[in-house]
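Kindly generate the corresponding structure for this input.
(one chain, ligands or ions: 1)
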Amino acid sequence: MPIVNMKDMLQHAYEHNYAVGAFDLVSLDFLQGILDAAERAQAPVILSLAESHFEFFDFALLMPAVEAAAKRASVPVAIHLDHGASFESAAKAINLGCNGIMVDASDKPLEENTSITKTLVEMAHGCGIPVEGELGYVPGVEGEDAERHPGEICYTTVAEAQTYVENTGVDFLAVSIGTVHGRMQGKPELDFQRLQQINKALGIPLVIHGGTGLSDEQFQQLISNGVSKINYYTALSDAAARQIEQNASAAANSGYTGLVNNLRDAIGAETERCIRLWGGADRAKEVLARCRPWTPVEHLIIYNVEGLDTAGVKKMIAEGRRLLSAIPGVREVFTGEAMKEDDKYRYTWLVRFCHPAVIDSYREHPDHVAFADNHFRPVAGGRISIDYIAIEN
Ligand code: 13P
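I've put the predicted structure just below:
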C-alpha cells in the first residue's frame, strides 16, 4: 500500500515544519539504499527519477521495480518525475507509475513557462496527480549534473511567483534563492528574506533543488520558511563513488560484485542523515494516517461484437490498444476474448487507471471519444461497463 498521495504528503510536511527528501535514483542500489534509510528512520520519502538521468537507465524498465519497492515499504512513499522535458514525458511517467510530476520550463521566459506548466497541470490534475512548477533558474556548477543545468542563476521574485502559481495552478513551487545543482564551490549565500516573502505570499509547499552541500543551519532555515521538499542527488552519487573506490583499493582482483559491494549501505547512510536532519524521522505513522492512499481503478467492459469478422475485431482492438494506452492516467490496457465460446459476453477491455479522477478525464479525452464513436460503439452489441476501485489491505 504505502504509495500515497504526494499532495497530502507535502501538505503534512508544510504544516508540521519538516521537509521530505526527494532523492534522485539511478539504479537499484539507490532505490534500495533510499528505502532502507526511510524504513530505519520511519519517515516519508519521495523516490525521484530525473529525466536528465534517463541516459543511465531504462526508465520503463526501472519503474516496475520502483513501484514494487514502494508498495512493499512500511513507510509512505511517493514516486516523482524530476526535471521532465515535455508534456509527453509527463504523460508517459504517469502511465508508468509516477504520482508526482515536474516538467522543467524554468529556463524559458515567464509566459512560456506559465503556458507549458498550465497545460501540464490540467492534464496531471485530470489524473489526480499534483504538479511541481519551477520559477527562477537553478544552474549547475560542478559535478556530473552541472552540465545538465547550464547558465546563470536567476532568482525567483515574489510578484512573479504569485502570478505564476495563480495562472498555472501548480501544487508546489521550486524556487531559486541561491542553491545550485551539483557540488558547491564555497559556501552558497542563500536569500532567506526572499524565501520568507515568497512563502508568506503563496502559502503552498516550496521545493529546493540542489540540496547537496548546504549546511545543517541552512537546511533548518529553509524548512522554517516553507520548504517541504528537498531534492538531493550529488551527495548520494559521491557517497556511492567513494565506496566503489574503497572497494577497488581493498581488493585488487575483485569483479563487478566486489566493486559495487556495500553501495546500498553507503547511499542509505547519507540518505538517513538527511532524513533525520530535515525532521522527517518517526513521522511515517502520522503521514500514513493523513494521506489518501494511491488506489488504482479498473475500468471493465465486457461486450459482444456485431457486424465484424474475426480480422475486423482484431483490427478494432489493436486500434483501441494503441490509442487508449497513451491516454494520460492509463496504466494498462488488457484486451481479451472469452475462453468458452458460449459465454454470454465474448470480449473484454480491462483498462487500469492510476486514480479515480481518470474515470472522467479518460471518458472526455479526444482519443477515447474518437475511438468509442468511430470504432467501438458502432459494432459493440450488448455490453456491461463498470469502474472498480481496488480493495486493498
Ligand atoms: P543536487 O545534486 O545538488 O543534490 O541537486 C539535486 C536536484 O536538485 C535534483 O532535482
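
Give me the phi and psi angles of the residue lying farthest from the centre of the chain.
The centre of the chain is farthest from one residue, Asp342, which by CA atoms, centre = their mean lies 44.7 Å away. Comment: the main-chain dihedrals of Asp342 come out as phi -90, psi 10, following degrees, to the nearest 10.

right, and the helix or strand after the worst-scoring helix or strand of the chain on mean pLDDT?
Lowest mean confidence among the helices and strands of the chain (mean pLDDT, DSSP states H and E): strand 140-142, at a mean of 70. Sequence order places helix 158-168 as the next helix or strand after strand 140-142, per DSSP states H and E.

If we go by neighbour counts, what in that following helix is buried?
Of the residues in helix 158-168, those buried under the neighbour-count criterion (16 or more other CB atoms under 10 Å) are Val158, Glu160, Ala161, Tyr164, Val165, Thr168. C-betas here are computed from N, CA, C, even on glycine.

wait, is Ser228 part of a strand?
Yes. Under the criterion used here (DSSP: H, G, I helix; E, B strand; the rest coil), Ser228 sits inside a strand.

just checking, Ile208 touches Ser176?
No. Applying CB atoms under 8 Å as the test, Ile208 and Ser176 come out as separate, 9.3 Å apart.

who's in contact with the residue in the stretch 251-393 of the chain positioned nearest to the ligand?
Each residue of the stretch 251-393 of the chain has a distance to the ligand, by CB to the nearest ligand atom, and the smallest belongs to Cys274, at 9.7 Å. With contacts taken as CB atoms under 8 Å, 6 or more residues apart in numbering, Cys274 has the following neighbours: Gly21, Phe23, Gly211, Ile230, Tyr232, Ala235.

mind giving me TSV with those and columns for secondary structure?
Rendered in TSV, the data for these read as follows (three-state DSSP):
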residue	secondary structure
Gly21	strand
Phe23	strand
Gly211	coil
Ile230	strand
Tyr232	strand
Ala235	helix
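
show me where the stretch 151-300 of the chain has helices.
158-168, 192-202, 216-224, 234-250, 256-259, 263-277, 284-290 (DSSP state H, counting those that start in this stretch).

Return the distance of Met6 relative to the ligand.
Met6 is 15 Å from the ligand, where distance means CB to the nearest ligand atom, to the nearest Å.

For burial, what's the neighbour tally of that residue?
31 (other CB atoms under 10 Å).

Test my guess that it contacts Pro130.
Yes. Assessed by CB under 8 Å, Met6 is found in contact with Pro130 at 5.4 Å.

tell me, what's touching these two both at once?
The contact lists of Met6 and Pro130 share Gly100, where a contact means CB under 8 Å, 6+ apart.

before we move on, which element is the residue most central in space within the chain in?
Closest to where the C-alpha atoms of the chain average out (CA atoms, centre = their mean) is His80, at 1.5 Å. In this structure, His80 is located in strand 77-84 according to DSSP H and E.

helices and strands around that strand, which ones?
Helices and strands in packing contact with strand 77-84 are listed as helix 6-15, strand 20-24, strand 45-50, helix 59-72, helix 87-96, strand 100-103; criterion 3 or more CB pairs under 8 Å, 6 or more residues apart in numbering; DSSP states H and E.

now it against helix 87-96, angle please.
Between strand 77-84 and helix 87-96, the angle formed by their directions is 160 degrees, by axes from the mean of the first three to the mean of the last three CA atoms, to 10 degrees.

Could you see whether the ligand lies near strand 77-84?
Yes. With CB under 6 Å from any ligand atom as the threshold, strand 77-84 lies in contact with the ligand, specifically through Asp82, His83.

can you give me the offset of that strand from its chain's centre?
Taking CA atoms, centre = their mean, to the nearest Å, the mean C-alpha location of strand 77-84 is offset from the chain mean by 2 Å.

tilt between that strand and strand 20-24?
An angle of 60 degrees separates the directions of strand 77-84 and strand 20-24 when computed by the same axes, to 10 degrees.

Please list the residues outside strand 77-84 that contact it.
By CB under 8 Å, 6+ apart, the list of residues contacting strand 77-84 reads 2-6, 9, 22, 24, 35, 38, 44-52, 63, 66-67, 70, 89-90, 93-94, 97-104, 132, 148, 231.
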